[in-house]
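Peer 1: here you go, sequence then predicted model.
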Amino acid sequence: MAKRDFYEVLGLEKNASDKDIKKAYKRLAMKYHPDRNQEKKDEAEVKFKEIKEAYEILSDDQKRAAYDQYGHAAFEQGGMGGGGGGFGGGGADFSDIFGDVFGDIFGGGRRQQRPSRGSDLQYNMELTLEEAVRGVTKEIRIPTLESCDVCHGSGAKPGTSADTCSTCHGMGQVHMRQGFFSVQQPCPTCHGRGKVIKEPCNKCHGHGRIERYKTLSVKIPAGVDTGDRVRLSGEGEAGENGAPAGDLFVQVHVLPHNIFERDGNNLHCEVPINFTIAALGGEIEVPTLDGRVKLKIPAETQTGKIFRMKGKGVKSVRGGLQGDLMCHTVVETPVKLNEKQKELLKEFGDSLGGTSGEKNSPRSKSFLDGVKKFFDDLTNK
Ligand SMILES: [Zn+2]
Ligand SMILES: [Zn+2]
């Protein structure tokens, strides 16, 4: 698609003044800003980029002169190297440009580097399963950069103030000539801040922030699990020069438990039962997070049988769903038997009529039948 004439894009004559250009740009940028054109977002975005590009060229004396002389060809090849310099292709940064527009309207005047928001911090918190299930309030100590209390974040000695940078005149950016157009770069004197501090604050040495440990009380809601994060808004690093602070994210890690294993809202535990109870049935005690609970074991219970104890799991932190406790039974073979017990068992074993006792051990019977068929099939092939 052929590019439209930049003057035409902004609806201007070739002899338009800087003021006309700015005015036209503001009007059109606001009109076509994608946030204000939700129904025709794509169309508006294309339009918006076109307007932005035209403005970037025509608002810069050198670029405008190059454009007047060479047209679009002035910006099409060489020199810029892959869209690094900020005009032509590339994605328009809408928030940035919108800030410019409003900054200008509300008397900001020159383009300035906005102070940056403080970084988000992450704190890894280990919790026991009980703490995670019930919720807990914990105190944590975190290193953080806070706004300096002496200069209140300005970085300048009290009674003095930061001066507008004389290299970039407060713009934070300088234009470096490259061929017949110029490239914007962060100002080397003020590193893009637009301000220079002549007399830095003694405490923070001009940074406006100081490192400090702070103690926070963190309330962990009941039901959290490994991977959940609790966000403490504004408790991250202080912003530079009075900008808002970042957030603190407390990352939960639940430690392994001796008895319970968690799976979502359900808890699992292994419950050994002796083989007499397994055979005859009976009552045993099982642990839950709320204490011991009696569990009825029916007769003829096998290893691997799972008993579900309704509502004895974890209450979800989201939605409050209550999980269950799953008791996985393991029938325990008796050990360290005395002679008398061995005699009794032998006698008992004889009464079963061997390992393949059809009646008393249906599983062994069907297993052995299966094995027999397997070998029969092999030999018959
Ligand atoms: Zn200070
Ligand atoms: Zn500067």
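Peer 2: Okay, I see it. Ligands and ions are numbered 1, 2, ... in the order given.
Peer 1: residues near the nearest residue to Gly192 once chain neighbours are set aside, how many?
Peer 2: In space, and not counting its chain neighbours, Gly192 is closest to Pro186: 3.9 Å by CB to CB, 6 or more residues apart in numbering. From N, CA and C alone the C-beta is placed, and that goes for glycine too. For Pro186, the count of nearby residues is 14 (other CB atoms under 10 Å).
Peer 1: where along this protein do the helices fall?
Peer 2: 6-10, 18-32, 41-58, 61-70, 94-105, 129-134, 275-280, 339-352, 362-380 (DSSP state H).
Peer 1: ok, now which ones touch the residue nearest to Gly192?
Peer 2: For Pro186, the contact set (CB atoms under 8 Å, 6 or more residues apart in numbering) comprises Gln113, Gly172, Gln173, Val174, Gly192.
Peer 1: could you measure from Lys342 over to Lys195?
Peer 2: Relative to Lys195, Lys342 is positioned 91 Å away (criterion: CB to CB, to the nearest Å).
Peer 1: more crowded one of the two?
Peer 2: Lys195 (20 against 11).
Peer 1: right, and that one touches Thr164 too?
Peer 2: Yes: contact criterion CB atoms under 8 Å: Lys195 and Thr164 qualify, at 6.2 Å.
Peer 1: now do the shared contacts for these two.
Peer 2: Shared contacts of Lys195 and Thr164 (CB under 8 Å, 6+ apart): Gly170.
Peer 1: show the pLDDT at the residue nearest to Gly192.
Peer 2: Per-residue confidence at Pro186 stands at 84 (pLDDT).
Peer 1: what's opposite it in the beta bridge?
Peer 2: Gln173 (DSSP bridges).
Peer 1: number the residues from 54 up from this point.
Peer 2: Yes, from this point I'll number from 54; that puts the last item at Pro239.
Peer 1: what does the stretch 154-303 of the chain put close to ligand 1?
Peer 2: Residues of the stretch 154-303 of the chain lying close to ligand 1 by CB under 5 Å from the ion are Cys201, Val203, Cys204, Cys254, Lys256, Cys257.
Peer 1: which among these count as buried?
Peer 2: Cys201, Cys204, Cys254, Cys257 (16 or more other CB atoms under 10 Å).
Peer 1: and the residue lying closest to the last one once chain neighbours are set aside, what does it touch?
Peer 2: Distances taken as CB to CB, 6+ apart place Cys201 nearest to Cys257, at 3.9 Å, with adjacent residues excluded. Counting by CB under 8 Å, 6+ apart, Cys201 makes contact with Gly208, Cys254, Lys256, Cys257, His260, Gly261, Arg262, Ile263.
Peer 1: show me which of these is closest to ligand 2.
Peer 2: For the contacts of Cys201, the residue nearest ligand 2 by CB to the ion is Gly208; the value is 14.7 Å.
Peer 1: CSV please, covering the buried ones among the residues of the stretch 154-303 of the chain next to ligand 1 and showing pLDDT.
Peer 2: Below are those laid out as CSV (pLDDT from 0 to 100):
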residue, pLDDT
Cys201, 88
Cys204, 89
Cys254, 91
Cys257, 88
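Peer 1: TSV for those residues, including distance to ligand 2?
Peer 2: TSV is the format used below for those (distance: CB to the ion, whole Å):
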residue	distance to ligand 2
Cys201	22
Cys204	20
Cys254	20
Cys257	20
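Peer 1: quick check: pLDDT value at Met83.
Peer 2: 82.
Peer 1: report how many residues lie close to it.
Peer 2: Neighbours around Met83, by other CB under 10 Å: 14.
Peer 1: looking at this structure, which helix or strand is least sure?
Peer 2: helix 147-158 (a mean of 38; mean pLDDT, DSSP states H and E).
Peer 1: the closest residue to Glu323 other than its chain neighbours pairs with what?
Peer 2: Nearest residue to Glu323, sequence neighbours excluded (CB to CB, 6+ apart): His381, at 5.1 Å. Note on His381: beta-bridge partners by DSSP bridges are Glu323, Ile359.
Peer 1: how many residues are close by His381?
Peer 2: By other CB under 10 Å, 15 other residues sit near His381.
Peer 1: mind checking how far the nearest residue to Phe360 once chain neighbours are set aside is from ligand 1?
Peer 2: The shortest distance from Phe360 to any non-neighbouring residue, by CB to CB, 6+ apart, is to Cys380 (4.4 Å). Going from Cys380 to ligand 1 by CB to the ion, to the nearest Å gives 61 Å.
Peer 1: about what we covered before: so what pLDDT did the residue nearest to Glu323 get?
Peer 2: As predicted, His381 sits at a pLDDT of 96.
Peer 1: now do the contacts for it.
Peer 2: His321, Cys322, Glu323, Val324, Gly357, Lys358, Ile359.
Peer 1: save those as TSV, and put in neighbour count too.
Peer 2: Below are those laid out as TSV (neighbours: other CB atoms under 10 Å):
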residue	neighbour count
His321	16
Cys322	18
Glu323	12
Val324	19
Gly357	9
Lys358	17
Ile359	10
